[in-house]
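Enquirer: Fold the following, please.
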Amino acid sequence: MKTDVEELSPTRVRLSVEVPFEELKPSLDKAYRDIAQQVKIPGFRPGRVPPPVIDRRIGRDYVLSQAVNEAIPGLYDKAVAESEIQPLGTPEVDISSMDYGEQLTFTVEVDKRPEFELPEMSGLSVEVDGTLVTPDEVEEYLSSIRERFASLKAVQRPVADGDFVSIDLSASVDDKPVEDAQASGLSYQIGSGSLLDGLDAALIGLSAGETATFRTELAGGDFAGQEADVTATVHSVKTKELPEMDDDFAQLASEFDTLGEFRSNTRAQLERVKEMQQVVQARDKALDAVLDAVDIPLPEGIVEAEITQNKESVSEQLSRAGTTLEDYLAATNQTAEQYELDGQQRARRAVKVSLVLDKLARDEEISVSTEELSSFITRQAEQMGVSPDRLAQQLTASNQLSVAAAEVLRGKAMNVIAERVRVTDPSGSVVDVAAALAAPVANGSDETSEASEADEDAEADVAAETDGANGANVNVEADADA
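Expert: Numbering: from 1, shown residues only. This next block holds a predicted model:
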């Protein structure tokens, strides 16, 4: 077999392949066997029809076309190996000549991985947030815990801002009651603004048993958008009581005996959270620094396939949510042109990310162990609410295990980038990302490990970022090299 390579662009090639007829004989023999099993010819048992009879009854050209169709995938793989290209996406095959007894010639056009060099990462630098926890942050966190243990206490006084009230509401338009705007025993916090415009002003100053009427625009129902007279009656007034910030509160809200111990542990927890966030930020910013430092010609066929895949994913998610793209654009204040441009930019970035991470993984000979793949599948299964065994079976049945492995591989490549790019905090101190990434394994912190792994998964997927419809995976034909 002879293969000639013509470079159509930095990201696309044409292979011209010539195959001697003798190399087609195994595929031709198989075609005769398959057809012999399928046809019914008087005087011959299935599978026993001789080739000359098949030629006369079915036609030699038909047999040859079956043989060529069966042989093309293997011949393409062989041509790719001989030409030493790294193809991406689906090849376009055009058979030039196919005559019985003569050589087969065909051409293949396919995208290929562009050639580029990664920048010297040690020469790049990024700055991430620090991990210092201030006293105000500790108190803010404790205050949020304190809010959870608050209780409501009835008071005998007029309604004030922030109070919790139990009310009845009724609305009428042109003195006719609006059936879907009547409610009894509603719980409402003054100042929340979660019901009707003008309600807060009408309620403040009322006492239990008193009523007020105000005019407002209805937000929903058959009379949505119309002015209505609304009557509000107060049944009870309650105020929120917070527990004292003392040792009793610490014992109530935690496993600690004193407020000092509770406060100290809170600071430690917040520091761990900031350390995790710092690693996540370092990985993101380090990757961005590498992307900015390298210019890569992108395979347009792969970019277009990515755009199409993302659109299909968004459409499916919007359909499940019972809405349309037009409604989504209106809700997010986007024009169709902005949405298209944003989708193109995300797709191009995602393809570039995948090319960079895949090259780094090849250059560094990064591999994925069975244990790492199993751990990834287990985490994905937990997020999806299915058993790991079931997800593994689904991935195997759909030939997606290689895609899952590619995601893990890219996550590991992102870690390498974060470890090599110089990362500093606002004080100028260097952040030891490698130590931070290794820490979960060393100290067994499930909280830290899960946060780190979740981020690795998200980045390895190179997710297409679509406002309100996240999760469209970007896999640049991850198994194309197989």
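Enquirer: For Asp94, see how far away Ala31 is.
Expert: As defined by Cβ to Cβ, to the nearest Å, Ala31 lies at a distance of 21 Å from Asp94. For glycine as for every other residue, the C-beta is placed from the backbone atoms N, C-alpha and C.
Enquirer: Please apply the same query to Gly428.
Expert: Distance of Gly428 to Asp94, computed by Cβ to Cβ: 60 Å.
Enquirer: These two - which one has more neighbours?
Expert: Higher neighbour count among Gly428 and Asp94: Asp94, with 10 against 7, using other Cβ atoms under 10 Å.
Enquirer: Kindly confirm my reading that the more buried one forms part of a helix.
Expert: No. In this structure, Asp94 is strand, not part of a helix, as judged by DSSP: H, G, I helix; E, B strand; the rest coil.
Enquirer: Identify the bridge partners of it.
Expert: Thr107 (DSSP bridges).
Enquirer: in terms of contact, does it touch Phe106 like I think?
Expert: Yes. With contact defined as Cβ atoms under 8 Å, Asp94 reaches Phe106; the gap is 6.3 Å.
Enquirer: distance of the residue nearest to Ala171 when sequence neighbours are not counted from Arg215?
Expert: Among residues not flanking Ala171 along the chain, Ala181 sits closest, at 3.6 Å (Cβ to Cβ, 6 or more residues apart in numbering). Counting by Cβ to Cβ, the separation of Ala181 from Arg215 is 13 Å.
Enquirer: so what sits against both of the two?
Expert: Shared contacts of Ala181 and Arg215 (Cβ atoms under 8 Å, 6 or more residues apart in numbering): Ala228, Val230.
Enquirer: Between these two, which is the more surrounded one?
Expert: Ala181 (21 against 12).
Enquirer: and the more buried one, which of the three is it?
Expert: strand.
Enquirer: got the buried residues for the helix or strand containing Ser143?
Expert: Assigned by DSSP states H and E, Ser143 belongs to helix 135-148. Residues of helix 135-148 classed as buried by neighbour count (16 or more other Cβ atoms under 10 Å): Val138, Tyr141, Leu142, Ile145, Arg146.
Enquirer: Give me the helices and strands touching that helix, please.
Expert: In this structure, helix 135-148 makes packing contacts with helix 247-253, helix 259-293, judged by 3 or more Cβ pairs under 8 Å, 6 or more residues apart in numbering; DSSP states H and E.
Enquirer: CA-only coordinates of stretch 358-365 in CSV, if you can.
Expert: The C-alpha coordinates for stretch 358-365 follow below in CSV (Å, rounded to 0.1, in the frame of the first residue of the first chain):
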residue,chain,number,x,y,z
ASP,A,358,-3.4,16.6,25.5
LYS,A,359,0.0,17.7,24.3
LEU,A,360,1.4,18.1,27.8
ALA,A,361,0.1,14.7,28.7
ARG,A,362,1.9,13.2,25.7
ASP,A,363,5.1,15.1,26.3
GLU,A,364,5.2,14.2,30.0
GLU,A,365,4.0,10.7,29.4
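Enquirer: which residues sit against it?
Expert: Arg113, Phe116, Leu118, Ile366, Ala406, Leu409, Arg410, Lys412, Ala413, Val416, Ile417, Val476.
Enquirer: List only buried entries from those.
Expert: Arg113, Ile366, Ala406, Leu409, Arg410, Lys412, Ala413, Val416, Ile417, Val476.
Enquirer: Any stretches of this structure with poor pLDDT?
Expert: Segments of the chain classed as low confidence (criterion: pLDDT under 70) are 440-482.
Enquirer: got the residue ranges for the strands in it?
Expert: Assigned by DSSP state E, the chain shows strands spanning 2-9, 12-19, 87-97, 104-112, 125-127, 151-154, 164-173, 176-189, 211-217, 227-241, 422-424.
Enquirer: Specify the angle between the third one and strand 12-19 in degrees.
Expert: In this case it means strand 87-97. 40 degrees (axes from the mean of the first three to the mean of the last three Cα atoms, to 10 degrees).
Enquirer: Tell me how far strand 87-97 lies from the chain's centre.
Expert: 31 Å (Cα atoms, centre = their mean, to the nearest Å).
Enquirer: what's the answer for the second one, then?
Expert: The offset between the C-alpha centroid of strand 12-19 and the centroid of the whole chain comes to 36 Å, using Cα atoms, centre = their mean.
Enquirer: same check, this time on the fourth one
Expert: Its chain's average C-alpha position is 33 Å from that of strand 104-112, according to Cα atoms, centre = their mean.
Enquirer: packing partners for that strand?
Expert: So strand 104-112, by 3+ Cβ pairs under 8 Å, 6+ apart, packs with strand 12-19, helix 60-83, strand 87-97, helix 300-320.
Enquirer: Would you indicate which residues of it are buried?
Expert: Leu104, Thr105, Phe106, Thr107, Val108, Val110, Asp111, Lys112.
Enquirer: can you list contacts of stretch 287-303?
Expert: Stretch 287-303 is contacted by residues 9-12, 88-89, 111-114, 116-119, 121, 124-126, 344, 347-349, 351-353, 355-356, 414, 417-418, 421, 459, 476-477 when judged by Cβ under 8 Å, 6+ apart.
Enquirer: May I have the phi/psi pair for the closest residue to Pro10 other than its chain neighbours?
Expert: The shortest distance from Pro10 to any non-neighbouring residue, by Cβ to Cβ, 6+ apart, is to Pro297 (4.3 Å). The phi/psi pair for Pro297 (degrees, to the nearest 10) reads phi -70, psi 130.
Enquirer: what's the burial count for Pro297?
Expert: Neighbours of Pro297 using other Cβ under 10 Å come to 13.
Enquirer: just Pro243 next, same as before
Expert: Pro243, neighbours per other Cβ under 10 Å, totals 16.
Enquirer: wait, Gly209 sits on Ser236?
Expert: No. Between Gly209 and Ser236 there is no contact, the gap being 9.3 Å when judged by Cβ under 8 Å.
Enquirer: one step back: most packed of the helices and strands packed on helix 135-148?
Expert: helix 259-293 (a mean of 18; mean count of other Cβ atoms under 10 Å).
Enquirer: Okay, angle between it and helix 135-148 too, please.
Expert: Going by the same axes, to 10 degrees, helix 259-293 makes 110 degrees with helix 135-148.
Enquirer: Off-centre distance for helix 259-293?
Expert: On Cα atoms, centre = their mean, the centre of helix 259-293 falls 22 Å from that of its chain.
Enquirer: ok, now stretch 162-178?
Expert: 44 Å.
Enquirer: now stretch 403-423
Expert: Distance, centroid of stretch 403-423 to centroid of chain: 16 Å (Cα atoms, centre = their mean).
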